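Chemist: kindly generate the corresponding structure for this input.
(one chain, ligands or ions: 1)
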Amino acid sequence: MKVKGQPTRTIWVEAEPAEGRPGSIGIIDQTRLPHRFETTSLRSLDDAVRAIRDMLVRGAPLIGATAAYGVALGLHGDASDARLKTVYDALFATRPTAVNLRWALDEMMRTLQPLPEADREHAAWARAAEIVEEDVAINRRIGENGLALIREIAAKKGDGEPINILTHCNAGWLATVDWGTATAPIYLAHEAGIPVHVWVDETRPRNQGAALTAWELNNHGVPHHVVADNTGGHLMQHGLVDMVIVGTDRTTANGDVCNKIGTYLKALAAHDNGVPFFVALPSPTIDFSLKSGRDIPIEERGAEEMTHVHGKTESGEIGTLQVTPDGSPVVNYGFDVTPARLVTGLITERGVVAAEEEAIAGLFSERRQDAA
Ligand SMILES: CSC[C@H]1O[C@H](OP(=O)(O)O)[C@H](O)[C@@H]1O
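Modeler: I've put the predicted structure just below:
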């Protein structure tokens, strides 16, 4: 999407590899947002591993795209079977929950393993580039399918009334290569002149909502308010939310949705107040090998994300503050699972579908071989 009026993506090729020189991938360093817009270069497997593990890049589709290029970078100088396994294992170990990581790595292995070693590095760069473009196209289609839902609500609300959409964490273009998943319908509605307004859950502890979604919407001119995570239920009780759209890091074959911690609580509040709860779901985020969300590995991240906050001081410096007492232990679960029964619908690139096993399998019948 646009940054200071310029079309921008979260990841791009700076240079393809040449004899004796590795390629280079550019990324936005999302740990510096919202107060600093900084980019950095990935030139090795270790660079890609660090970028995913330390969340310079994050968001399920972008993790997958970065891992795909991480494989390409990792094969420079050695494209042997042993190296392929080393590269796969190093990237797979970065973060456990977003299934796009495994999906992208498996895609790369499917492409590279049958090839002679001499052809693998070039083929890896080509497949990674395809995965990037596929993500952009998928998200654009999710946007179009979600826009139809927003239009339905707009028609019921009457002219000029804002459509209030609550979202959690960042499932925006910063979580993907472009467009985002949950935000794609919002951007398309805004561009179509539909008066949308977004309630942005700050999303403790890393504040991906306050720091990333708000930054995106600011840059795109979309009206929004940042709210504390615990505000959503009150808003829904008072008729101030017309729909919820969130992203997902892994959705299982039965429609259970794993997403950033706190999503489940929003789904409960939406269910209790009759607010439609939609999940924007690109197909690489579907894990057909799992029958239930209970089997999804839930990442636990470090205590520092809970005990400290990062932000801009009065003097404009970027600083860190401790917000918990010395010695108070914390627990930092990164994700939770919303059962399919609380999901109104899944907005995929092939249409909006019920969060039910048969409906999902019917839309993506070619993925049946992945089923458990
Ligand atoms: C479109 S995937 C977005 C998804 O990823 C985020 O997790 P993280 O920032 O930890 O990578 C969050 O769960 C978003 O909903």
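Chemist: mind telling me what element residue 69 is part of?
Modeler: helix 60-74 (DSSP states H and E).
Chemist: that helix: how far from the chain's middle?
Modeler: Distance, stretch centre to chain centre, for helix 60-74: 14 Å (C-alpha atoms, centre = their mean, to the nearest Å).
Chemist: what of stretch 266-273?
Modeler: The answer for stretch 266-273 is 22 Å, by C-alpha atoms, centre = their mean.
Chemist: got it, and stretch 244-263?
Modeler: When C-alpha coordinates are averaged (C-alpha atoms, centre = their mean), stretch 244-263 and its chain have centres 11 Å apart.
Chemist: ok, stretch 161-173 next?
Modeler: Using C-alpha atoms, centre = their mean, the offset of stretch 161-173 from its chain centre is 14 Å.
Chemist: first-to-last residue distance for it?
Modeler: Terminal residues of stretch 161-173 are spaced 26 Å apart (C-alpha to C-alpha, to the nearest Å).
Chemist: what is the mean pLDDT for it?
Modeler: For stretch 161-173, mean pLDDT is 97.
Chemist: any buried residues in that stretch, and which?
Modeler: Buried residues in stretch 161-173, counted by 16 or more other C-beta atoms under 10 Å: 163, 164, 165, 166, 167, 168, 169, 170, 171, 172, 173. To be clear about C-beta, it is placed using only N, CA and C from the backbone, and glycine gets the same treatment.
Chemist: just stretch 218-229 next, same as before
Modeler: 219, 220, 222, 224, 226, 227, 229.
Chemist: contacting residues for the last one?
Modeler: This points to residue 229. Counting by C-beta atoms under 8 Å, 6 or more residues apart in numbering, residue 229 touches 168, 201, 202, 203, 204, 262.
Chemist: report the distance from the helix or strand of the chain with the lowest mean pLDDT to the chain centre.
Modeler: Ranked by mean pLDDT, DSSP states H and E, the helix or strand of the chain with the weakest confidence is strand 2-3, at a mean of 89. Averaging C-alpha positions (C-alpha atoms, centre = their mean) puts strand 2-3 18 Å from its chain's average.
Chemist: partner strands of the very next helix or strand once past it and their direction?
Modeler: Downstream of strand 2-3, the first helix or strand assigned by DSSP H and E is strand 6-7. As defined by DSSP bridges, the strand partners of strand 6-7 come to strand 2-3 (antiparallel).
Chemist: what residues does the strand it pairs with touch?
Modeler: By C-beta under 8 Å, 6+ apart, strand 2-3 touches 8, 37, 219, 220.
Chemist: now secondary structure and distance to the ligand too, for those residues, in JSON lines please.
Modeler: Below are the contacts of strand 2-3 laid out as JSON lines (DSSP: H, G, I helix; E, B strand; the rest coil; distance: C-beta to the nearest ligand atom, whole Å):
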{"residue": "8", "secondary structure": "coil", "distance to the ligand": "17"}
{"residue": "37", "secondary structure": "coil", "distance to the ligand": "18"}
{"residue": "219", "secondary structure": "helix", "distance to the ligand": "18"}
{"residue": "220", "secondary structure": "helix", "distance to the ligand": "17"}
